[in-house]
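# no sequence on this one, just coordinates:
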């Protein structure tokens with residue numbers, strides 16, 4: 001479970017985002033400003049910081065620099081300041097992304113997952129049963145033998161492997177694939193690609209053990 005620190009001084013936004021992101025499977029901590037954020041990071045490790053620019057006790061830009069220097073944590077700015085100068089400044093300070101307020105919650109989740117996926121690429125292989133994925137090389141193997149997947153099959157496999165144990169609804173899969181690919185993926189196409197992916201990674205595609213159907217809910221990646 002990814003751990004996220006939300007640095008925001010608007011209590012209503014903190015309550016809403018904390019509840020929403022927790023429902024999406026993230027572990028959430030919050031801080032109202034600079035001192036609280038640095039104290040949290042000194043006590044525990046975070047996978048990502050969601051950071052507002054205007055804080056009660058300081059500036060988000062300077063805090064981003066401190067977080068990067070002291071803890072090397074990934075940062076996404078959430079700010080009502082969407083002018084070009086603010087966006088460029090945030091990215092030049094090393095932030096992984098910059099999202100303008102107001103934003104769509106599902107878009108925020110998708111972009112959080114994109115940052116977390118990029119972080120994982122440099123850290124380790126992904127595993128699901130006998131399936132291994134090296135995201136840095138885009139290499140997929142099954143029991144040591146290379147598998148050849150289409151671009152969409154590969155993105156679909158990564159989505160399942162990055163969310164092992166979680167039930168992914170068809171709507172969520174469609175939304176994230178569309179965000180990642182930039183192309184429209186419809187419900188019928190998704191059915192076809194899940195079948196093709198199972199044909200390549202499952203020992204018995206008619207009785208899948210890696211990507212299971214959760215009736216009435218969606219799919220879950222797991223290993224018995």
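That came in fine, so what should we check first? Note that the structure is predicted; figures quoted are calculated from it, not measured.

# only C-alpha atoms for contact and neighbour calcs from this point on.
Will do.

# Quick one: the strands in this protein, in order.
Under the criterion DSSP state E, the chain contains strands at 3-7, 27-31, 48-51, 54-55, 58-59, 74-79, 97-100, 126-128, 131-134, 139-142, 145-147, 167-168, 211-214, 218-221.

# So what are the sheet partners of the second one and their directions?
Okay, so that is strand 27-31. Strand 27-31 has these partner strands in its sheet, going by DSSP bridges: strand 3-7 (parallel).

# go on, the fifth one?
Within its sheet, and counting by DSSP bridges, strand 58-59 is paired with strand 54-55 (antiparallel).

# Name the residues of stretch 89-105 that come out as buried.
90-91, 94-99 (16 or more other Cα atoms under 10 Å).

# can you list contacts of the longest helix along the chain?
Under DSSP state H, the helix in the chain containing the largest number of residues is helix 105-121. Helix 105-121 has contacts (Cα atoms under 8 Å, 6 or more residues apart in numbering) with 21, 24, 47-48, 74, 76, 96-97, 99, 134-136, 162, 176, 179.

# OK, contacts around residue 212?
219-222.

# What residues are bridge-paired with it?
Bridge pairing for residue 212 - DSSP bridges - gives residue 220.

# Could you check how far it is from residue 1?
Separation of residue 212 from residue 1 (Cα to Cα, to the nearest Å): 20 Å.

# domain ranges for the protein?
3-120, 124-221 (automatic domain parsing).

# And the first one, how far out from the chain middle?
Pointing back at domain 3-120 there. Taking Cα atoms, centre = their mean, to the nearest Å, the mean C-alpha location of domain 3-120 is offset from the chain mean by 13 Å.

# follow-up on the earlier one: would you check which pair of the buried residues of stretch 89-105 lies furthest apart?
For these, with distances taken as Cα to Cα, the pair at the greatest spread is 94 and 99 (14.3 Å).

# which one of the domains of the chain has the lowest average pLDDT?
Ranked by mean pLDDT, these bottom out at domain 124-221, with a mean of 85.

# chain center to it, what's the gap?
15 Å.

# What's the local residue count around the closest residue to residue 202 other than its chain neighbours?
Closest residue to residue 202 apart from its sequence neighbours, by Cα to Cα, 6 or more residues apart in numbering: residue 208 at 6.0 Å. Neighbourhood size, residue 208 [other Cα atoms under 10 Å]: 14.

# Wait, residue 208 touches residue 200, no?
No: when contacts are counted by Cα atoms under 8 Å, residue 208 is not listed as touching residue 200 (11.0 Å).

# gap between the spatially most central residue of the chain and residue 150?
With distances taken as Cα atoms, centre = their mean, residue 113 lies nearest the centre of the chain, 1.0 Å away. Distance, residue 113 to residue 150, using Cα to Cα: 21 Å.
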